[in-house]
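S.K.: Fold the following for me, if possible:
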Amino acid sequence: MIRWGLLLLIFQANLLLASAEIVPFSDESLRPRYQQLIEELRCPKCQNQNLADSNSPISQDLREQVRRLLEEDLTDAEIKEYLKSRYSEFILYRPEVNQNTWLLWAAPVLFLIIGILVLYRLYFNSAASARAVTPEKNGLDSHNQQRLDELLQENRDQQ
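M.R.: Below is the predicted model:
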């Protein structure tokens, strides 16, 4: 039993070591910026993975390109702009708010407002209809309403 546990532990350790990518930097202060950038940039091939998670050849090339641009002392914004000019805005996980993306950013708020308005109307329409039950609304004319009132009064008197 201990052998199996030890074997499983060694196997998991090998998996962790195999997935770690060692990227050489001239200055270690570039590593956090590099890590943040590859997590914010999308793989053009995988579409739902960032560069950090993707193993496709293009994402490997892009990671190397980001490293090279960092070594050239470009700012994060300059690197994103460079990649955006080459791969379009699709490469950004959080696209900028502009003429092409305003609906993408405004849609959640619009849907929330529409939902609140629908709930408000449904609630107050049902409450108003429950309060305003009149003889005409429940299908009785004045003669039948009077007869119903008399029967209800007789029933109360008998109790």
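
S.K.: I'd like to know how many residues surround residue 51.
M.R.: A count of neighbours around residue 51, defined by other CB atoms under 10 Å, yields 26. C-betas here are computed from N, CA, C, even on glycine.

S.K.: any idea what sits nearest it, other than its immediate chain neighbours?
M.R.: Sequence neighbours aside, residue 38 is the residue nearest to residue 51 in space, at 4.1 Å (criterion: CB to CB, 6 or more residues apart in numbering).

S.K.: residue ranges of the strands in the protein, please?
M.R.: Assigned strands in the chain: none (criterion: DSSP state E).

S.K.: Tell me how it divides into domains.
M.R.: 11-91, 102-158 (automatic domain parsing).

S.K.: Quick one: residues contacting the residue nearest to residue 51.
M.R.: Residues near residue 38 by CB atoms under 8 Å, 6 or more residues apart in numbering: 50-52, 62-63, 66.

S.K.: Model confidence at the residue nearest the centre of the chain, what's the number?
M.R.: Residue closest to the average C-alpha location in the chain (CA atoms, centre = their mean): residue 108, at 9.3 Å. What the model reports as pLDDT for residue 108 is 91.

S.K.: and if you look at residue 139?
M.R.: pLDDT for residue 139: 66.

S.K.: likewise residue 93?
M.R.: Reported pLDDT for residue 93: 78.

S.K.: Residue 55 too?
M.R.: For residue 55, the model assigns a pLDDT of 86.

S.K.: What of residue 123?
M.R.: Residue 123 is given a pLDDT of 84.

S.K.: What count of nearby residues applies to residue 58?
M.R.: The tally of other residues near residue 58 (other CB under 10 Å) stands at 14.
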